[in-house]
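I would like to see how this sequence folds:
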Amino acid sequence: MIKKVYSKVRTRFKSKELFPENEELLRLFGSKNKGYILGTSESILKFDLTALEKDALKISVGNFYEHADIEKIRPSIHIFAASHPPITPKVLRNWWSRCHEVLPLKVPILVALEDREVALQSFPGRAVYFYKYGGDFPIDFRTKILAPWSVSVLVVQLSLFLRTKQTFLLGVDHDWRHMKPYQHFYSHEEPCLEYYLYKEGLYKSLKTPTKMNIPPKSSLYKFYELYQQHEQLRTYSEEIGLKVYNGDLSSIFDVYDKKDYTPF
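This next block holds a predicted model:
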């Protein structure tokens, strides 16, 4: 019944497609049996990502392009969340130019429509696709999509839009309990978003915190919204016959069922 409703809504919005070119993403990457979301937490270094199946969907995010094995991993597509303060156009250009330099040229980029101008300047000769926030279910990157509280919500939406039968999260370590600071696998003292923010005086320190300061109450509200969004995505994925798993069995991110990601 729910699938029929989603189908009717999708048909109704066909004439309102903002990005008909994103149909190409379905042709290129749609209906894969298995997919991986490659995050940037330090836990990503536990996994041999060069052994992932060549025909699997591999979606990387943010600073993942700094991974030492990026040439061998060769993501299917790389996605950035929409820019927001304190990111300035200059910081964005520097950051994305670095990405363009390191990421294999055949890997397409997916960015927010609001960042179109900087993207076209930063990614010459590379396929670039766009999305826009402000949508709802059903998830459809040809129209507007859910405004996410984290890039992890954005990338799960993409995998579900592509109808990936099984999606495994790796290197995504959200923790509503705030037991320790969120650690990235890359150094902030080398080119990355934090590095470019610091150079412009927009980031306090490049040192990664080792102790968890008591977060403000507003952080509780943020994590509540973030987890609510992931729970909605989990429900939606099951309603359309897809599954999302946390592929890291030792992860503390507990919205999705855990399942060994080992290639099969």
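
same for whichever strand or helix holds Val244, what does it pack against?
Per DSSP states H and E, Val244 falls inside strand 243-246. Applying 3 or more Cβ pairs under 8 Å, 6 or more residues apart in numbering; DSSP states H and E, we find strand 243-246 packed against helix 151-161, strand 166-170, helix 217-239. (Each C-beta comes from the backbone N, C-alpha and C, glycine too.)

Out of these, which gets the lowest mean score?
Confidence, taken as mean pLDDT, is least for helix 217-239 of the helices and strands packed on strand 243-246 (a mean of 90).

hmm, back to that, what lies in contact with the strand holding Val244?
Applying Cβ atoms under 8 Å, 6 or more residues apart in numbering, the contact partners of strand 243-246 are 156, 159-160, 165-169, 172, 233-234, 237, 253-259, 261.

Next, format the helices and strands packed on strand 243-246 as TSV and append distance to Leu38 and mean neighbour count.
Output for those, formatted as TSV (distance: least, Cβ to Cβ, whole Å; neighbours: other Cβ atoms under 10 Å):
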stretch	distance to Leu38	mean neighbour count
helix 151-161	9	23
strand 166-170	6	24
helix 217-239	17	15
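
can these go into TSV with extra columns for distance to Ile59?
Below are these laid out as TSV (distance: least, Cβ to Cβ, whole Å):
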stretch	distance to Ile59
helix 151-161	5
strand 166-170	9
helix 217-239	14
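
And the ones you listed: which comes nearest Glu200?
helix 151-161 (21.2 Å; Cβ to Cβ).

Only the buried residues of the strand holding Val244, if you could.
Neighbour-count burial for strand 243-246, counted by 16 or more other Cβ atoms under 10 Å, picks out 244, 246.

Alpha carbons only: can I get that strand in CSV?
Output of strand 243-246 as CSV, limited to C-alpha atoms (Å, rounded to 0.1, in the frame of the first residue of the first chain):
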residue,chain,number,x,y,z
LYS,A,243,18.1,-2.6,3.8
VAL,A,244,20.7,-0.3,5.4
TYR,A,245,23.2,-1.8,7.8
ASN,A,246,26.1,-0.5,9.9
